[in-house]
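>>> Structural data only, the sequence is not supplied:
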């Protein structure tokens, strides 16, 4: 992140351009998380192993968090460079809004189904729909701009210089690493949770006197 | 051939149930006509035809939602779905039969709604009609799968719109584009692409949604 300070300022946009080094890596990482979630979902449907359900869910959860961050940073950037908080003509922002709504629906689906293989498979199918929706929506948003916004902001700006590209790569690596660590931590937490629940259920299923012997409660 | 016979039998079953009970189609018809009247009052005086085309698409999507919310209710209330899943036919035939039946209901509602729209608001060209039919295909294909997902949950009536609307955004783009753009061919092509991609995906994944 120190690279941010070293990089020369963009000639057109000045200081506000620096958010690029955070915004774009976050957006790419969010896509990557959604793709990972869909890949795990595909593995679940294919191999039928239960652990993929939790992995897919956690990946999509991370993707949604990074998606919200993309919306927020993109909005700040839009405010700084176009002096409006929201613009429908920024394709990436609109796409992230659609994806955000889609994955919120994913969580609604997940929390209104009973725990079990059926929930795992329904969610997996929906996650696969999501990853197909990304390119289709992108195409749709491009098509829609022709009749909603005839004038499109072009942000083709100056090409990146060497040091800018290096800074970009460093930020991207950092954000990806952060996402990976968060993914592992959340996954571990959820796995411990599930294991604890299984143990508690097993304990409840035992005859009462065995429980007393094991735990010392009620003796 | 047996696959097609299964699909035809399943679709015929849905149509027959609808003919005898009349649960869905009258509701869809009344909904879409009422919605058009509401839109008349929602549009400010002097609004362009383009705005009316946009509202037509809202009416179409929500009419489809009205139909799809009811689509799997008979199956769940009487345990028909368990029987269908156990029946010796390909599970995707269940999805295809339901899609055809939903499409039939939606088209029947539109046979009334589109002339009413042309009468109240603005004329509809050939490309707009082609857009409506292509979008109907996609809406029913994705909708009957998502409705099957939602039907197994505690809050199916609320969940279905939440699940389906983000998926329907590209359809609305294509539909509105085919009605108002100068070159509608691109939008029709896009709708065809959407239909093909999502129909194959729904067809392939339906089995996982209904089996225990």
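All right, it came through fine. Quantities reported herein were computed from a predicted structural model and do not represent experimental measurements.

>>> Contacts only, for residue A:68.
residue A:100 (CB atoms under 8 Å, 6 or more residues apart in numbering or on different chains). C-beta: built from backbone N, CA, C; applies to glycine.

>>> Name the residues of the helix or strand containing it that are buried.
Element membership for residue A:68, per DSSP states H and E: helix A:51-82. In terms of neighbour count (16 or more other CB atoms under 10 Å in any protein chain shown), helix A:51-82 has its buried residues at A:52-71, A:73-75, A:77-78, A:81.

>>> Residue B:113 against residue B:34, yeah?
No. With contacts counted by CB atoms under 8 Å, residue B:113 stays clear of residue B:34, the gap being 10.7 Å.

>>> More neighbours: those two, which one.
Neighbours per residue, other CB atoms under 10 Å in any protein chain shown: of residue B:113 and residue B:34, the larger number sits with residue B:113, 23 against 11.

>>> The spatially closest residue to that one that is not a sequence neighbour sits in which helix or strand?
Nearest residue to residue B:113, sequence neighbours excluded (CB to CB, 6 or more residues apart in numbering or on different chains): residue B:32, at 4.3 Å. According to DSSP H and E, residue B:32 maps onto helix B:25-42.

>>> Can you list the helices and strands that that helix packs against?
helix B:49-71, helix B:91-120 (3 or more CB pairs under 8 Å, 6 or more residues apart in numbering or on different chains; DSSP states H and E).

>>> Check which helices and strands whichever helix or strand comes after the last one sits against.
Which is helix B:91-120. Once helix B:91-120 ends, the next helix or strand along the chain (criterion: DSSP H and E) is helix B:126-151. Under the contact definition 3+ CB pairs under 8 Å, 6+ apart, helix B:126-151 sits against helix A:117-148, helix B:49-71, helix B:73-77, helix B:91-120, helix B:156-180, helix B:184-210.

>>> which residue is nearest the middle of chain A?
The centroid of chain A falls nearest to residue A:63 when counting by CA atoms, centre = their mean (0.6 Å).

>>> Please list all residues in contact with that residue.
Contacts of residue A:63 by CB under 8 Å, 6+ apart are A:30-34, A:36-37, A:103.

>>> and the gap between it and chain B?
Shown here: residue A:63 relative to chain B, a distance of 15 Å by CB to the nearest CB, to the nearest Å.

>>> same check, this time on residue A:70
Taking CB to the nearest CB, one finds residue A:70 at 17 Å from chain B.

>>> so that residue makes contact with residue A:19?
No. The pair residue A:70 / residue A:19 is not scored as a contact, 11.2 Å apart, by CB under 8 Å.

>>> circling back to that earlier point, return the member of the helices and strands packed on helix B:126-151 having the minimum mean pLDDT.
Of all these, the minimum mean pLDDT falls on helix B:73-77 (a mean of 80).

>>> neighbouring contacts of that helix?
B:17, B:23, B:80-81, B:84, B:151-152.

>>> What parts of chain A come near chain B?
Residues of chain A lying close to chain B by CB under 8 Å from any CB of the partner chain are A:45, A:98-99, A:101-102, A:104-105, A:108-109, A:112-113, A:117-118, A:121-122, A:124-126, A:128-129, A:132-133, A:136-137, A:139-141, A:143-144, A:146-147.
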